[in-house]
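**Student:** Got a sequence here, can you model it:
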Amino acid sequence: MIKTQEGIAVGTALTAAARRLEAAGVASARLDARLLLSAACSASLEALAAEPARALRGDERLSFEALLSRRLAREPMARILGKREFWSLPFRLVPETLVPRPESETLVEAALALVAAPGEGTRILDLGTGSGCLLLAFLSEREDAEGVGVDVSEAACRLARANAAALGLSSRARFVVGDWDAALCGRFDLVLANPPYVKDAEIASLAPEVARYEPRLALAGGADGLACYRELAPAFVRCLAAQGHALIELGAGQADAVGAIMAATGLHSVARRLDLAGNERCLIISLAPPRELRGQRDEFAGEKRWRGGGLSAKRGVGARKGHHAHIRQYAVSGPRSRRPRGAFASGSGEAGRGNLEETNATIDHCSAFQVMVR
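**Tutor:** Below you'll find the model as predicted:
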């Protein structure tokens, strides 16, 4: 336990806390200790670093110990602090939403590459929106775009709406409680999805920060991890515009299986994108067969290059606000499918059916905002 007598210094408290966190198996022990003390003292990291000998007040020590106890139980820092940065934007969290992951930024980068220039009035749908991070990150980069986020969790939709307001995006983002696309009609230029894709039997073996504290509905992908992809494939057929694209997050090693699920419903794979770890993280699909890619110019986060045809892979690095993603693009001769891995508090199966906040809501091509959480 951290000493609680009067006069303990900032530096002493940090050292003791970091040692306890290391003993508990926390990899970023020193950084976590600093962030927790910063929250307990309502002081910046810089202010704490500048005064290592400052004595902590009694209330600061008690607050620090309470926060530290939660981290020692392997509660994620984002849960403890109630927020997480994604795409250089702050997002609040609630227990019903997943903590946004850096690898999910791959979908945002890929979506922006498909709409390389503003002025196209893009209509975007985010299935399994959770905190709203995918939709809102895209809207922050495309001022002419507007979008709808859908989630089976009412708490998640209310949080996403609050995040949109905090980011000044409420006029272009609406959120509806529903089971995938059940509350919608009309078609969208882009559909984002990050569905649950963990095999049910593997959830207990995940890191404690995930297994103990993430909502099970946002993790559980059925016996093979692919259940939600099977549900989403027909939803993409219903929701995509003729020349639209769906971008789906994948679990490690799932690209081929998800592609096969998509192909079985008549969808076509266009490209796969890698995350920084080299995993195939994003599958891009369309209703129409992929266009001949030879000589088709692709703009990705400001970097222009040419995509070659055939099955040879081309890798590049895109950058935006310090974010980088490796890309592998394929010219696919035949249909291939893929499906999204739900981002945050997505529901699957019967859990979310019928849970619609507005039963007569309609979303058409031009006005995607008749559906909203009241």
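**Student:** Which of the helices and strands in this structure ranks last by mean pLDDT?
**Tutor:** Lowest mean confidence among the helices and strands of the chain (mean pLDDT, DSSP states H and E): strand 303-307, at a mean of 29.
**Student:** Quick check: nearest residue in space to residue 85, chain neighbours excluded?
**Tutor:** Nearest non-adjacent residue to residue 85, counting by CB to CB, 6 or more residues apart in numbering: residue 91, 7.3 Å away. Placement of C-beta: from N, CA and C, glycine included.
**Student:** Bridge partners for the one you found, pull those for me.
**Tutor:** The partner list for residue 91 in beta bridges (DSSP bridges) reads residue 84.
**Student:** Would you mind writing the CA trace of the helix or strand residue 60 falls within as PDB?
**Tutor:** Per DSSP states H and E: residue 60 is located in helix 58-72. Output of helix 58-72 as PDB, limited to C-alpha atoms (Å, rounded to 0.1, in the frame of the first residue of the first chain):
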ATOM      1  CA  GLY A  58      -4.900  13.900   2.200                       C
ATOM      2  CA  ASP A  59      -7.700  13.900  -0.300                       C
ATOM      3  CA  GLU A  60      -5.200  13.500  -3.200                       C
ATOM      4  CA  ARG A  61      -3.700  10.500  -1.500                       C
ATOM      5  CA  LEU A  62      -7.000   8.800  -0.900                       C
ATOM      6  CA  SER A  63      -8.200   9.500  -4.500                       C
ATOM      7  CA  PHE A  64      -4.900   8.200  -5.900                       C
ATOM      8  CA  GLU A  65      -5.100   5.000  -3.900                       C
ATOM      9  CA  ALA A  66      -8.700   4.400  -5.100                       C
ATOM     10  CA  LEU A  67      -7.700   4.800  -8.700                       C
ATOM     11  CA  LEU A  68      -4.600   2.700  -8.300                       C
ATOM     12  CA  SER A  69      -6.600  -0.100  -6.700                       C
ATOM     13  CA  ARG A  70      -8.800  -0.200  -9.900                       C
ATOM     14  CA  ARG A  71      -5.700  -0.400 -12.100                       C
ATOM     15  CA  LEU A  72      -4.200  -3.100  -9.900                       C
END
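**Student:** so how far is the helix or strand that it is followed by from its chain's centroid?
**Tutor:** The first helix or strand that comes after helix 58-72 along the chain, using DSSP H and E, is helix 77-81. Relative to the centre of its chain, helix 77-81 is centred 16 Å away, using CA atoms, centre = their mean, to the nearest Å.
**Student:** In helix 77-81, which residues are buried?
**Tutor:** Buried positions in helix 77-81, judged by neighbour count with 16 or more other CB atoms under 10 Å: 77-80.
**Student:** any idea where the strands of the stretch 201-350 of the chain begin and end?
**Tutor:** Counting by DSSP state E, counting those that start in this stretch, the stretch 201-350 of the chain has strands at residues 240-249, 268-274, 280-286, 296-300, 303-307, 314-320, 323-329.
**Student:** I misspoke; the intended subject was the stretch 1-150 of the chain.
**Tutor:** Using DSSP E, counting those that start in this stretch, the strands found in the stretch 1-150 of the chain span residues 83-86, 89-92, 123-127, 146-151.
**Student:** so which of those strands is the most packed in?
**Tutor:** Highest mean neighbour count among those (mean count of other CB atoms under 10 Å): strand 146-151, with a mean of 30.
**Student:** other SSEs contacting that strand?
**Tutor:** Strand 146-151 sits against strand 123-127, helix 133-141, helix 154-166, strand 173-177, with contacts defined as 3 or more CB pairs under 8 Å, 6 or more residues apart in numbering; DSSP states H and E.
**Student:** Now render the ones you listed as TSV, adding distance to residue 62 and mean pLDDT.
**Tutor:** Below are those laid out as TSV (distance: least, CB to CB, whole Å; pLDDT from 0 to 100):
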stretch	distance to residue 62	mean pLDDT
strand 123-127	40	95
helix 133-141	33	96
helix 154-166	29	96
strand 173-177	38	94
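**Student:** among those, which is nearest residue 231?
**Tutor:** With CB to CB, the closest approach to residue 231 among those belongs to strand 123-127: 9.8 Å.
**Student:** residues in contact with the closest one?
**Tutor:** Strand 123-127 has contacts (CB atoms under 8 Å, 6 or more residues apart in numbering) with 111, 132, 134-135, 138-139, 145-150, 180-181, 184, 187-193, 195, 232, 235, 239, 241, 340, 342-343, 346, 365, 368.
**Student:** hmm, try it at 7 Å
**Tutor:** 134-135, 138, 145-150, 180-181, 188-193, 232, 235, 239, 340, 365, 368 (CB atoms under 7 Å, 6 or more residues apart in numbering).
**Student:** Where does the prediction get shaky in the stretch 151-300 of the chain?
**Tutor:** Where the stretch 151-300 of the chain drops to pLDDT under 70, the residues are 291-300.
**Student:** Repeat the analysis, applying 80 as the threshold.
**Tutor:** Applying pLDDT under 80 to the stretch 151-300 of the chain picks out residues 183, 185, 290-300.
**Student:** follow-up on the earlier one: residue contacts, the residue nearest to residue 85?
**Tutor:** Counting by CB under 7 Å, 6+ apart, residue 91 touches 83-84, 100, 131, 133, 163.
**Student:** how about a cut-off of 10 Å?
**Tutor:** With contact taken as CB atoms under 10 Å, 6 or more residues apart in numbering, residue 91 is in contact with 78, 82-85, 97, 99-100, 130-133, 136-137, 159-160, 162-163, 166-167, 344.
**Student:** how close does it get to residue 82?
**Tutor:** Applying CB to CB, to the nearest Å, the value for residue 91 to residue 82 is 10 Å.
**Student:** repeat for residue 125
**Tutor:** Separation of residue 125 from residue 82 (CB to CB) stands at 27 Å.
**Student:** And residue 107, by the same measure?
**Tutor:** Distance, residue 107 to residue 82, using CB to CB: 24 Å.
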